[in-house]
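Q: A structural model of the following input is requested.
(one chain, ligands or ions: 1)
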Amino acid sequence: MKIRYLRQDDLCSVVALVERIKIIDLSKKEIYQTLKSDFEWISKTFSLALVAEEKEKIVGLITLEEYERTRQGVIAELGYIAVDKDYQQKSVATKLYEEAVRRLKKNILKNNFFLRLIKAEVDSLDNTAQSFYTNLGMEKAVEIPNYWSQENGLVIFVKRFN
Ligand SMILES: CC(C)(COP(=O)(O)OP(=O)(O)OC[C@H]1O[C@@H](n2cnc3c(N)ncnc32)[C@H](O)[C@@H]1OP(=O)(O)O)[C@@H](O)C(=O)NCCC(=O)NCCS
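A: Model prediction:
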């Protein structure tokens, strides 16, 4: 499996992956537009997007976006993290996260900043995503009940870096 930066010509395959997994309740066109604007934003900030490729097929995606840049350091937000169903529970997402953090830190340091914190927002009913973030060493920092609906709260996970 190869991990590499997302390219503009990957957008259609990545939209299809996100739509297949149904992480967010958006149409194909809306997913395309959000990823395309993420892509443009990426070139102007520390943000990055990586894909996992297996036999020339994109099987995973991660976006790590610059959220805030202050003298105290950079705060990044884990945006998309998605792995094709056939490739789940084989550490693909963990490898994508570790590689994304390694590249983000390197890029930030090259520009004389440092990475302070990574945050990730998750649905309180999404136990898979919560176990995944806990497994990465992230901590549950905030929980807001009834955030997205009567049943669905918002949970914010954070990982601090020294
Ligand atoms: C969440 C997701 C990205 C995990 O991808 P993955 O490649 O299967 O994850 P990994 O194999 O690296 O799993 C690492 C750890 O996460 C946890 N985990 C992953 N999948 C899990 C599942 N189905 N149930 C419970 N825990 C799970 C486990 O702790 C696992 O460690 P283990 O293998 O030692 O048990 C994947 O399930 C996915 O794409 N889900 C749909 C999209 C989504 O929910 N994204 C996150 C919210 S936006």
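Q: Pull up the residues of this protein that are close to the ligand.
A: Neighbours of the ligand within the chain, by C-beta under 6 Å from any ligand atom: 21, 23, 81-83, 88-94, 122, 126, 128-129, 131-132, 135. In this view, the C-beta of every residue, glycine as well, is placed from N, C-alpha and C.
Q: all helices for the chain, in order.
A: All helices of the chain, identified by DSSP state H, fall at 11-21, 28-42, 92-110, 127-135.
Q: lowest-confidence stretch among the ones you listed?
A: Least confidently modelled of the helices of the chain is helix 28-42, at a mean of 82 by mean pLDDT.
Q: For residue 79, grab the count of nearby residues.
A: Using other C-beta atoms under 10 Å, residue 79 is surrounded by 18 other residues.
Q: Skipping its backbone neighbours, what lies nearest it in space?
A: Ranked by C-beta to C-beta, 6 or more residues apart in numbering and with sequence neighbours excluded, the top spatial neighbour of residue 79 is residue 63, at 3.8 Å.
Q: Same question for residue 60.
A: Closest to residue 60 by C-beta to C-beta, 6+ apart is residue 52, at 3.5 Å.
Q: I am finished for the moment; much appreciated.
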